[in-house]
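1. Build me a model:
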Amino acid sequence: MKKILRYIIAIIFIVSGFVKAVDVKGFSFKLEEYFSPDVFNMSFLEDYALELAVFVVALELILGLMLLMKVKLKTTLSALIALCVFFAFLTLYSAYFNKVTDCGCFGDAIKFTPWQSFWKDIALLFGLIILWFLNEKSNTLNNEKGIKNPLLWLGIIASVYIIYSGIAHEPLIDFRDYKIGVDMNTERQKIAANPSEYKTSYTLKNTKTGEEKIVNQDDYVNKEEYWKEGTPWQIQTGKEVSILTKQGYKSAIDKFKLEDENKNDLTEQILHLPKVYLFFSYKPNEVSYEAHPSEEIQEKLETIAGKSPIYEISTEKNDLLGFTHLTMDGTVIKTIARSNPFVLVLENGKIVEKKSLEDFLKH
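-> Model (predicted):
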């Protein structure tokens, strides 16, 4: 039992670390959410989100490998218990105050709600504590098996490569809805054919007794006492809640929306072009043109695109390279790709290429 429990917990940490390592920039975006004024109000850490993401992911992977190979067991278990307590605090705060709706614990590979993630952390914490006592009882807790295990170092080197690749280029494995090969028009049709359904609940207050109650829209309509003339029950403005009653087809592509400077929606038009090149930046003010001057980039893009149209897309109405400029929500741009800037190539709405600008210019 002790060995099986150790293997299960180790594999969970390795898998969790791996999917975050593949897309460590995506995990850094999630940390930025936690550091934002609306959550922990630690804005000073937002500039270091990527470094912290790399540290946490590397720690999770290495400790998972050490637990799997039973290396320095006491130190490993102590560190994993501390890591679980830390993650449990984050997810409990997110769940209780409904601040970050997706914890990012398994990246984009497996979506957990904050409450699901919190109970996952509690289960892991409980399992680690059991492991601690089982090994203490059998006098194996102070196992000093060295860290010179070649398999451990092979795992560490592989982890470094995976993390570096995701930062310098794009994730080696794409778990997002915007992966290469996805037909965005087909996805939009699926979303339209199977929409999610919601019902509104109202907060009512009795003006005579001061009592408050939450009533769904059906009960409100069906019970005359709530709306007949002279009723003491009054709807409290701003306290309406929309509750999901049927989950439709889920895809991040429903957020894909391109607008021109006059707020005209050009999404449909662009998704039906035979071929189009989209130059994206979610932080246009941070784009550096030192390695490649903007004139050189523009000329190279025009040469590659040929007669196909090119659009530049960012969060603001500022010129990037002189192409027709469109705007899109920054979070959506970050969801499509992690590089800043990057190029997305579509053929009749199908994603055929997605690369960082640096890699794209190597055509």
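2. going forward, measure contacts between C-alpha atoms and count neighbours the same way
-> Fine.
3. Go ahead and confirm residue 253 touches residue 188.
-> Yes. Applying C-alpha atoms under 8 Å, one finds residue 253 in contact with residue 188, separated by 7.0 Å.
4. in the strand ranked longest in the chain, what counts as buried?
-> In the chain, taking DSSP state E as the definition, the longest strand is strand 197-206. By 16 or more other C-alpha atoms under 10 Å, the buried positions in strand 197-206 come out as 201-205.
5. Need the contact partners of stretch 124-142.
-> 2, 5-6, 9, 72-74, 77, 80-81, 84-85 (C-alpha atoms under 8 Å, 6 or more residues apart in numbering).
6. Which among those count as buried?
-> Here, 16+ other C-alpha under 10 Å leaves 6, 9, 72-74, 77, 80-81, 84-85 buried among the contacts of stretch 124-142.
7. so which of those comes closest to residue 268?
-> residue 84 (45.3 Å; C-alpha to C-alpha).
8. and that closest one, what is it in contact with?
-> Contacts of residue 84 (C-alpha under 8 Å, 6+ apart): 121-122, 124-125.
9. My assumption is that it lies in a helix; please confirm.
-> Yes. Counting by DSSP: H, G, I helix; E, B strand; the rest coil, one finds residue 84 located in a helix.
10. sorry, back to before: dump the contacts of residue 84 into a markdown table; add distance to residue 152, neighbour count and secondary structure as well.
-> Listed next are the contacts of residue 84 as a markdown table, based on distance: C-alpha to C-alpha, whole Å; neighbours: other C-alpha atoms under 10 Å; DSSP: H, G, I helix; E, B strand; the rest coil:
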| residue | distance to residue 152 | neighbour count | secondary structure |
| --- | --- | --- | --- |
| 121 | 25 | 23 | helix |
| 122 | 27 | 16 | helix |
| 124 | 22 | 22 | helix |
| 125 | 23 | 21 | helix |
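11. Turn those residues into JSON lines, including distance to residue 60 and pLDDT.
-> Converted to JSON lines, these look like this (distance: C-alpha to C-alpha, whole Å; pLDDT from 0 to 100):
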{"residue": "121", "distance to residue 60": "13", "pLDDT": "89"}
{"residue": "122", "distance to residue 60": "16", "pLDDT": "92"}
{"residue": "124", "distance to residue 60": "13", "pLDDT": "92"}
{"residue": "125", "distance to residue 60": "14", "pLDDT": "93"}
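12. which of those residues lies closest to residue 357?
-> residue 121 (38.2 Å).
13. my read: the closest one touches residue 88, true?
-> Yes. Counting by C-alpha under 8 Å, residue 121 does reach residue 88; the two are 5.5 Å apart.
14. the strands in the stretch 201-350 of the chain, which residues?
-> All strands of the stretch 201-350 of the chain, identified by DSSP state E, counting those that start in this stretch, fall at 212-216, 233-235, 241-246, 276-281, 310-314, 324-327, 342-347, 350-356.
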